[in-house]
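> sequence? don't have it. structure:
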């Protein structure tokens with residue numbers, strides 16, 4: 001499940017969906033022609049031993065202990081672990097007896113355009129007296145990959161000019177702070193600190209990296225250098241910001257070179273002017289501490305390319321129908337096999353300490369993937385085959401914005417006109433008390449009754465959502481006016497954290513959900529009439545805050561376990577670890593309090609928020625989303 005979908009459950013009838021249902025930019029990857037064989041499909045991994053086609057807990061567990069192991073490195077979409085997961089699924093489909101129906105064997109490859117470090121990156125500076133210990137005509141040559149990195153948004157270009165220190169790079173005169181008020185940055189390279197001055201909560205909305213970059217560019221800066229503030233450097237050990245890390249804007253979208261420096265490298269730069277970075281930061285915290293660095297000139301060259309070859313793929317398996325009249329019609333069963341890898345790029349909710357750790361994603365979405373593998377074995381048995389054909393799709397790229405399913409519906413291997421429905425399994429491994437949320441039941445006449453009837457044999461506690469839009473791959477099919485079902489057991493405190501591990505999966509209920517899915521597919525695959533698509537009822541406009549509340553109660557208010565990147569809360573500067581005290585002047589002590597307040601508010605309007613951060617009470621305004 002993608003983080004940028006505001007970390008919400010899929011069903012808008014649930015509490016967290018009221019808090020976080022969000023729109024998602026849906027951008028498919030560049031297609032790859034069928035003749036472009038996917039040359040690298042991952043190193044083979046031994047398939048888990050299973051006990052045959054019967055649906056069993058033991059088989060689900062065996063598959064999941066492999067797919068959610070450290071060997072798959074969190075299954076990041078275009079990384080070796082994600083490619084290895086695709087290979088594992090393909091091998092399991094082959095063992096089950098499915099037919100390969102990809103554009104390259106089992107695979108439907110596509111290109112996830114990722115930044116690639118190009119040749120020629122350079123950062124050189126000179127000062128009035130040269131670097132410490134050198135002659136004035138010698139240059140300070142900083143090394144890419146150790147002293148600095150270009151940022152993913154950088155233009156591939158050159159910036160030459162005087163170096164100026166821009167403080168926190170914030171221009172907010174209405175809030176009493178403008179680092180650019182007395183600083184001319186036109187044609188110059190500006191060095192700015194990360195985040196905002198402590199104790200000034202009204203400046204939080206200007207703190208994101210993109211806001212700082214845009215503020216400098218709007219004032220004519222020839223280039224932008226960013227560096228950790230001292231507090232962040234201590235908390236995060238001042239690591240380099242990866243050049244391929246997404247910061248919320250497309251690769252290469254900035255108009256000028258943009259780079260990230262280590263704190264030590266930035267100190268060496270300002271030392272050329274005989275100044276100290278810590279003292280400059282202190283001045284910036286107390287007032288606007290921006291200043292020229294007299295006599296220091298910078299020559300910055302940034303060069304990033306883009307991936308041009310297939311680096312990820314959906315996996316496609318097929319079972320032909322048994323009825324000559326109906327076999328042309330196809331029912332899609334889907335799940336995504338990718339996860340968030342090592343939690344970099346803002347994908348982890350575990351905070352700085354979780355970055356670099358394997359996020360195994362046993363529930364998200366190892367659970368849906370292993371259910372899909374078991375269903376492939378089940379329906380491959382001749383006695384279980386359906387009159388209509390079945391297409392098994394294991395998607396990549398879901399965590400980055402439904403990329404795999406969007407690519408499929410743009411380049412389907414079977415006509416969408418013949419696709420009668422899509423059943424999607426995403427995070428189905430953490431049911432509590434047999435609870436299961438079923439989305440999409442308003443996308444075809446009689447669909448909810450059909451599921452309810454199938455569930456009589458399984459006794460799951462079902463909740464319903466008629467909507468077809470959800471933060472998962474079924475949405476791509478719904479947008480093509482195809483009936484969808486979306487099965488989901490809810491969020492939990494291990495979501496997008498290294499702790500989403502196999503031992504926390506409820507295999508008993510995962511088996512019940514897999515069996516229910518088999519019964520639903522059997523009915524859909526064998527009925528005489530195909531489902532008739534219907535537009536689901538319009539859902540009411542609901543205010544969205546874009547947060548994931550913590551599950552542990554806090555007597556002071558609602559603790560935040562996560563904040564959706566680019567969402568309303570994030571734009572206002574809220575972050576994980578904050579405690580929400582009030583919204584729109586109304587105290588919120590529980591999730592129910594927060595829900596009731598949000599129900600009464602309208603999207604698009606700014607509302608005051610009080611929060612507690614590290615013992616300090618802050619006040620900000622949040623423009624609620626929809």
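Received it, and whenever you're ready, just let me know what you need. On a predicted model such as this, the values are computed, not experimentally measured, just so you know.
> Now residue 303: closest residue in space that isn't a chain neighbour?
Of all residues beyond its chain neighbours, the one nearest residue 303 is residue 118 (3.5 Å), with distances taken as CB to CB, 6 or more residues apart in numbering. Yep, even glycine has a C-beta here, placed from its N, CA and C like the rest.
> Do I have it right that the one you found meets residue 304?
Yes. With contact defined as CB atoms under 8 Å, residue 118 counts as touching residue 304 (5.7 Å).
> Give me the more crowded residue out of these two.
Set side by side, residue 118 and residue 304 show more neighbours around residue 304, with 21 against 15, by other CB atoms under 10 Å.
> is the more buried one in a bridge, and if so with what?
Counting by DSSP bridges, residue 304 forms beta bridges with residue 117.
> Quickly list what's touching both of residue 118 and residue 304.
Common neighbours of residue 118 and residue 304, using CB atoms under 8 Å, 6 or more residues apart in numbering, are residue 156.
> how about low-confidence regions in the chain?
Along the chain, the model assigns pLDDT under 70 to residues 3-43, 129-138, 201-202, 286-289, 345-346, 539-540, 551-553, 592.
> State which helix of it is the longest.
When the chain is scanned for its longest helix (criterion: DSSP state H), the result is helix 507-526.
> Show me what that one packs onto, helices and strands only.
Counting contacts by 3 or more CB pairs under 8 Å, 6 or more residues apart in numbering; DSSP states H and E, helix 507-526 packs against helix 57-67, strand 330-336, helix 368-380, strand 419-425, strand 435-439, helix 447-455, strand 484-488.
> and residue 409, what element?
Using DSSP states H and E, the element containing residue 409 is helix 403-410.
> How about residue 120?
Applying DSSP H and E, one finds residue 120 in no helix or strand.
> ok, and the closest non-adjacent residue to it?
Using CB to CB, 6+ apart, the nearest residue to residue 120 is residue 303, at 4.8 Å.
> dump the residue contacts of the one you found.
If you count contacts by CB under 8 Å, 6+ apart, residue 303 has them with 117, 118, 119, 120, 121, 150, 156.
> do that again at 6 Å, thanks
Counting by CB atoms under 6 Å, 6 or more residues apart in numbering, residue 303 touches 118, 120, 121, 156.
> Let me have the residues you listed in CSV, extended by distance to residue 584.
Conversion of the contacts of residue 303 to CSV gives the following (distance: CB to CB, whole Å):
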residue, distance to residue 584
118, 49
120, 52
121, 48
156, 45
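> if we can go back for a sec, list the backbone torsions phi and psi for the residue nearest to residue 303.
For residue 118, the backbone dihedrals (degrees, to the nearest 10) come out as phi -90, psi 180.
> List the residues that contact it.
Listed by CB under 6 Å, 6+ apart, the contact partners of residue 118 are 303, 304, 305.
> any idea how far residue 224 is from it?
For residue 118, the distance to residue 224 equals 19 Å [CB to CB, to the nearest Å].
> same question, residue 114
22 Å.
> With neighbour numbers in mind, choose between those two.
Between residue 114 and residue 224, counting by other CB under 10 Å, residue 224 is the more crowded of the two (30 against 19).
> Can you verify my assumption that that one contacts residue 258?
Yes. Between residue 224 and residue 258 there is a contact under CB atoms under 6 Å: 4.7 Å.
> Find residues that contact each of the two.
residue 213.
> And for residue 416, the neighbour number?
For residue 416, using other CB under 10 Å, the count is 15.
> any idea whether the nearest residue to it once chain neighbours are set aside is helix, strand or coil?
Spatially, and ignoring its direct neighbours in sequence, residue 416 is nearest to residue 480 (5.4 Å; CB to CB, 6+ apart). Applying DSSP: H, G, I helix; E, B strand; the rest coil to residue 480 yields a three-state assignment of coil.
> Surely residue 480 touches residue 415?
No. Contact criterion CB under 6 Å: residue 480 and residue 415 do not qualify, at 11.1 Å.
> between those two, which one's more packed in?
More crowded of residue 480 and residue 415, by other CB under 10 Å: residue 480, with 15 against 10.
> I'd like the distance between residue 275 and residue 542.
51 Å.
> List just the one of the helices and strands packed on helix 507-526 that sits closest to residue 599.
strand 435-439 (19.7 Å; CB to CB).
> residues in contact with the closest one?
The contact list for strand 435-439 (CB under 6 Å, 6+ apart) reads 10-11, 451, 460-465, 470, 486, 488-489, 513.
> Let me see the residues that make contact with stretch 531-539.
Here stretch 531-539 has contacts from 12, 420, 421, 442, 443, 444, 445, 466, 467, 468, 481, 483, using CB under 6 Å, 6+ apart.
> picking that back up, the residue nearest to residue 416 and residue 441, how far apart?
Taking CB to CB, one finds residue 480 at 18 Å from residue 441.
> ditto for residue 479
17 Å.
> quick one, which of the two is more surrounded?
Legend: neighbour count by other CB under 10 Å for residue 479 and residue 441, higher for residue 441 (24 against 16).
> Find the residue closest to that one in space, skipping its chain neighbours.
residue 448 (3.8 Å).
> Surely that neighbour touches residue 442?
No. Counting by CB under 6 Å, residue 448 does not reach residue 442; the two are 7.6 Å apart.
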